[in-house]
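Chemist: need a 3D model of the sequence below.
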Amino acid sequence: MNRQGPRRVEETPMSGTVEVQGYMWLADLFRERGWTNPRHVELDGDTPGPRLLERLDIPAERVEVAILNHKACAVDAAVVRPGDRVALVPPGVPGPHRLLLGFKNR
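Modeler: Numbers count the residues shown, from 1 in each chain. The predicted structure follows:
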């Protein structure tokens with residue numbers, strides 16, 4: 001009989017969270033704030049992209065594109081739902097990387 005108790009299971013994000021990852025200078029911002037990258041953010045339900053940035057205290061003009069579940073979209077058009085994965089991309093991403101990330105111009 002195992003007397004060590006139950007094995008610890010890797011914690012997974014709660015169902016009401018989204019995974020938010022910052023790129024370029026936003027990764028530096030996450031690090032400065034002591035956040036993990038990606039960071040798990042608790043949501044109450046469907047959340048507009050600008051509201052997510054507000055919760056993270058990131059100015060909207062510092063994010064050019066949100067990649068929501070592997071699809072690039074404008075932050076003001078994004079609707080983030082619990083369980084989603086979001087990458088925040090700042091302005092200034094070089095041309096070839098823009099194409100690889102799925103956007104040319106906002």
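
Chemist: can you show me the helices along the protein?
Modeler: 25-32, 49-56, 95-101 (DSSP state H).

Chemist: rank those by mean pLDDT and give me the bottom one.
Modeler: Between these, the one with the least mean pLDDT is helix 95-101; it has a mean of 57.

Chemist: just checking, Leu43 touches Val20?
Modeler: No: the pair Leu43 / Val20 is not scored as a contact, 10.3 Å apart, by CB atoms under 8 Å. Bear in mind the C-beta positions are built from the backbone N, C-alpha and C, glycine included.

Chemist: intersection of neighbour lists for these two?
Modeler: Common contact partners of Leu43 and Val20 (CB atoms under 8 Å, 6 or more residues apart in numbering): Leu52.

Chemist: tell me which of the two has more neighbours.
Modeler: Just comparing Leu43 and Val20: by other CB atoms under 10 Å the higher neighbour count belongs to Val20, 26 against 18.

Chemist: what's the pLDDT at that one?
Modeler: For Val20, the model assigns a pLDDT of 96.

Chemist: so for the chain, the centremost residue is which one?
Modeler: Nearest to the mean C-alpha position of the chain, by CA atoms, centre = their mean, lies Val20 at 1.7 Å.

Chemist: just list whatever residues bridge to that residue.
Modeler: Beta bridges link Val20 to Arg39, Val86 when assigned by DSSP bridges.

Chemist: what residues are up against it?
Modeler: 38-41, 52, 56, 86-88.

Chemist: please apply the same query to Val41.
Modeler: Counting by CB under 8 Å, 6+ apart, Val41 touches 17-18, 20, 52, 55-56.

Chemist: pLDDT below threshold where in this protein?
Modeler: 1-15, 93-106 (pLDDT under 70).
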